[in-house]
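In: Please work out how this folds:
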Amino acid sequence: VTMLSIPRDLYLYIPGWRMQRINTAYAHGISDNYPGGGPGLLKDTILYNFGIQIDHVARVDFSGFIDIVDTLGGIDVPVYCAYTDWHVIDPAGDIDDEDNWHLITVGPGVIHMDGDLALWYARSRKKSSDFDRARRQQEVLRALYNRGLSLGALSRVPQLYQDFSNAVETDLGLQDIVELAPYALDITSARIRSYYVNTNVVDGWWSPQGAAYLVPKPNH
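Out: The predicted structure is shown next:
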């Protein structure tokens, strides 16, 4: 299994539209009534620019992510370097109020995270970067996968599919997942590879209007 993280500000061609950040493809696919909607245009954008065919998609919102992690009883994430960033104190409060934020630090070590902490660790970038965030997101995905296997989640696929049907938007049906699930028995962490679109292959660029982009380096 190979995981590839693509930064949101990557500047590339979006089929049928123009050069733009990849994170605009989904919304444009919906607004432009592209075949397959947002997922359809995002899949075609990745295929056009990377030559990678996306067969299926899954999309989870923030509250759904928290519910998934909490349903699994939390996850154990190996934090190799201590990470410090801002965390909102009261999510229901004013997020623009500086007094509603405080700095928290996790790690180093294996840190048990509930849904809220895992979401913070996967999303925060005020004191790091999108590239570092991609690394942390993949750590969280690995931890979720390992937690699911340790709890025997494969035998509970129908129940979990029903429990998370409102939290996850996907074109995979229950039968598709049931057919794929047995492969997980042979896929250990050592057989999952991680790759990133990072500063080895892209440069930062500011447009004349002051917008930040990442553009591919020549010959990469």
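In: Tell me which other helices or strands the helix or strand of the chain with the lowest mean pLDDT touches.
Out: The weakest-scoring helix or strand in the chain, judged by mean pLDDT, DSSP states H and E, is helix 157-163 (a mean of 88). Counting contacts by 3 or more CB pairs under 8 Å, 6 or more residues apart in numbering; DSSP states H and E, the secondary-structure elements packed against helix 157-163 are helix 174-180. Where you see a C-beta, it was placed from the backbone N, CA and C, and this is true even at glycine.
In: Using CSV, list the CA coordinates for the helix it packs on.
Out: Only the C-alpha atoms of helix 174-180 are listed here, as CSV (Å, rounded to 0.1, in the frame of the first residue of the first chain):
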residue,chain,number,x,y,z
LEU,A,174,-20.7,-2.2,1.9
GLN,A,175,-20.1,-5.1,-0.5
ASP,A,176,-17.0,-3.4,-1.9
ILE,A,177,-15.6,-3.0,1.6
VAL,A,178,-16.4,-6.5,2.6
GLU,A,179,-14.5,-7.8,-0.5
LEU,A,180,-11.5,-5.6,0.2
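In: What is the distance between it and the centre of its chain?
Out: 22 Å (CA atoms, centre = their mean, to the nearest Å).
In: circling back: list every C-alpha atom in the least confident helix or strand of the chain, with coordinates, as PDB.
Out: The C-alpha coordinates for helix 157-163 follow below in PDB (Å, rounded to 0.1, in the frame of the first residue of the first chain):
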ATOM      1  CA  VAL A 157     -17.400  -4.100   9.000                       C
ATOM      2  CA  PRO A 158     -21.200  -4.100   8.500                       C
ATOM      3  CA  GLN A 159     -21.800  -2.500  11.900                       C
ATOM      4  CA  LEU A 160     -19.100   0.100  11.400                       C
ATOM      5  CA  TYR A 161     -20.300   0.900   7.900                       C
ATOM      6  CA  GLN A 162     -23.700   1.600   9.400                       C
ATOM      7  CA  ASP A 163     -22.300   3.600  12.300                       C
END
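In: Please enumerate the helices of this structure.
Out: With helices called from DSSP state H, the chain shows them at 25-31, 37-50, 62-71, 115-123, 130-150, 157-163, 174-180.
In: For the second one, give me every contacting residue.
Out: Among residues not part of helix 37-50, those counted as contacts by CB atoms under 8 Å, 6 or more residues apart in numbering are 6, 12-16, 22, 25-30, 32, 34, 36, 52-54, 57, 59, 171.
In: Compare the mean pLDDT across the helices of the chain and name the weakest.
Out: The weakest mean pLDDT among these belongs to helix 157-163, with a mean of 88.
In: residue with max distance from the center of the protein?
Out: residue 208 (29.8 Å; CA atoms, centre = their mean).
In: That one and residue 17, how far apart?
Out: 20 Å (CB to CB, to the nearest Å).
In: rewinding a little: return the residues in contact with the residue farthest from the centre of the chain.
Out: Per CB under 8 Å, 6+ apart, neighbours of residue 208: none.
In: Just give me the neighbour total for residue 10.
Out: The burial metric for residue 10, expressed as a neighbour count using other CB atoms under 10 Å, is 20.
In: Could you verify my assumption that it touches residue 21?
Out: Yes - applying CB atoms under 8 Å as the test, residue 10 and residue 21 come out as touching, 6.7 Å apart.
In: Kind regards, and thank you for your time.
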